[in-house]
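Trainee: No letters, just coordinates:
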């Protein structure tokens, strides 16, 4: 089987596993990868990553530190926009966190692809990267043709908007690459205008220390900064404001898979949730991405969101 054929079969296998989109990039990639790496350096120098020290990992800037002899990257996108996404609630949870833990879902699907590729190419070595791995993810997704990095710093696909979780497989085998995606935001700056804390300091640049999503998920302080508290408007776990306003997200097909459906307790969140004990929170959060938010943080976020100002 030649390179073109196996590359097409690889992407087809990804779609069969339940991914909405799939693309391939070759390493070291185009000059855009170098530009994105320099942009990361500037972002880190400005301390826009806050306490997310893992963003400083050298592996993020050198893909060969993740897999020796790396030659190709398979990038996939999982559509997490559920047909049953919670649309109205006093307390808001970002859509990415409403279903099952996407890390586990994507990881298992990629493992299945790995087993398949080894049945075709026994000598092929591969490494899976899902979100928490030190990879310049959005840059490689863009390089693979999945979409472009929008002004809100999310990867945007023509059909699925930015409602996609990303996953990657790095191979020591060279496959046929897709063309990198072209940016299509144009003159639109709705995301910059809509962000209540002005966390998008300029197109494509997010200051995490002004970001509602960052503070509700990552901030381990007992109290949230006042600028975050007064702009929560009900957001207690992540924030979708800059995505909800994006024109590319207006007509996105939903995922009917039960794995994306919100947990029942999320739809019933109210002030009585402040009385839930730690073990109740832990039980509710089991199997979700949101277990990263500790029970005391949920209480902090809920209390902060109802503060009168």
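Mentor: Nice, I can see it. Values in this document were obtained by computation on a predicted structure and should not be read as measured data.
Trainee: Relative to the whole chain's centre, how far out is stretch 17-34?
Mentor: The chain centroid and the centroid of stretch 17-34 are separated by 15 Å under Cα atoms, centre = their mean, to the nearest Å.
Trainee: typo on my end, stretch 143-162
Mentor: Relative to its chain's centre, stretch 143-162 lies at 11 Å (Cα atoms, centre = their mean).
Trainee: Just the buried residues of it, please?
Mentor: By 16 or more other Cβ atoms under 10 Å, the buried positions in stretch 143-162 come out as 143-157, 160-162. Where you see a C-beta, it was placed from the backbone N, CA and C, and this is true even at glycine.
Trainee: now do stretch 249-268
Mentor: Judged by neighbour count using 16+ other Cβ under 10 Å, the buried positions of stretch 249-268 are 249, 252, 255, 257, 259-263, 266.
Trainee: any chance of those residues in TSV, with secondary structure and pLDDT too?
Mentor: TSV is the format used below for the buried residues of stretch 249-268 (DSSP: H, G, I helix; E, B strand; the rest coil; pLDDT from 0 to 100):
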residue	secondary structure	pLDDT
249	helix	98
252	coil	96
255	strand	94
257	coil	93
259	helix	94
260	helix	95
261	coil	95
262	coil	94
263	coil	92
266	helix	94
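Trainee: Which is the succeeding secondary structure element to the helix or strand hosting residue 42?
Mentor: Element membership for residue 42, per DSSP states H and E: helix 31-45. Following helix 31-45 in sequence order, the next helix or strand is strand 72-79 (DSSP H and E).
Trainee: can I assume residue 261 is in contact with residue 81?
Mentor: No - applying Cβ atoms under 8 Å, one finds residue 261 not in contact with residue 81, separated by 11.4 Å.
Trainee: Give the buried residues for the one helix or strand residue 108 maps to.
Mentor: Following DSSP H and E, one finds residue 108 within helix 102-120. Within helix 102-120, the residues that count as buried by 16+ other Cβ under 10 Å are 102, 105-107, 109-110, 113-114, 116-117.
Trainee: now the helices for the stretch 101-250 of the chain?
Mentor: 102-120, 137-143, 190-194, 212-217, 226-229, 241-244 (DSSP state H, counting those that start in this stretch).
Trainee: circling back: need the buried residues of stretch 249-268 in a markdown table (columns: distance to residue 134).
Mentor: Shown next, in a markdown table, are those (distance: Cβ to Cβ, whole Å):
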| residue | distance to residue 134 |
| --- | --- |
| 249 | 28 |
| 252 | 29 |
| 255 | 28 |
| 257 | 29 |
| 259 | 26 |
| 260 | 27 |
| 261 | 31 |
| 262 | 30 |
| 263 | 30 |
| 266 | 30 |
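Trainee: which two in these are spaced the farthest apart?
Mentor: Farthest apart among the buried residues of stretch 249-268 by Cβ to Cβ are 249 and 263. That separation is 22.7 Å.
Trainee: quick one: contacts for the residue nearest to residue 164 when sequence neighbours are not counted?
Mentor: Excluding the flanking residues, the one nearest residue 164 by Cβ to Cβ, 6 or more residues apart in numbering is residue 77, at 3.8 Å. Residue 77 makes contact with 19-22, 141, 146-147, 155, 157, 160, 164-167 under the criterion Cβ atoms under 8 Å, 6 or more residues apart in numbering.
Trainee: repeat that for 6 Å
Mentor: If a contact means Cβ atoms under 6 Å, 6 or more residues apart in numbering, then residue 77 has 20-21, 146, 164, 166 as its contacts.
Trainee: Also residue 213?
Mentor: By Cβ under 6 Å, 6+ apart, the contact list for residue 213 reads 238-239.
Trainee: And for the one 3 residues further on?
Mentor: Contacts for residue 216 were tallied using Cβ under 6 Å, 6+ apart; they are 236-237, 301.
Trainee: what helix or strand does the nearest residue to it once chain neighbours are set aside sit in?
Mentor: Setting aside the residues directly before and after it, residue 216 is nearest to residue 301 in space (Cβ to Cβ, 6+ apart), at 5.1 Å. Following DSSP H and E, the helix or strand that holds residue 301 is helix 295-305.
Trainee: Show me which residues of stretch 197-214 are buried.
Mentor: Neighbour count says stretch 197-214 has 197, 199-200, 204-214 buried, by 16+ other Cβ under 10 Å.
Trainee: which of the residues you listed sit farthest apart?
Mentor: 204 and 212 (18.5 Å).
Trainee: Tell me how far the helix or strand of the chain with the lowest mean pLDDT lies from the chain's centre.
Mentor: Lowest on mean pLDDT, DSSP states H and E among the helices and strands of the chain sits helix 264-267, with a mean of 92. With Cα atoms, centre = their mean as the basis, helix 264-267 stands 22 Å off its chain's centre.
Trainee: now swap in stretch 72-88 and tell me
Mentor: Remark: stretch 72-88 is offset 9 Å from the chain centroid, using Cα atoms, centre = their mean.
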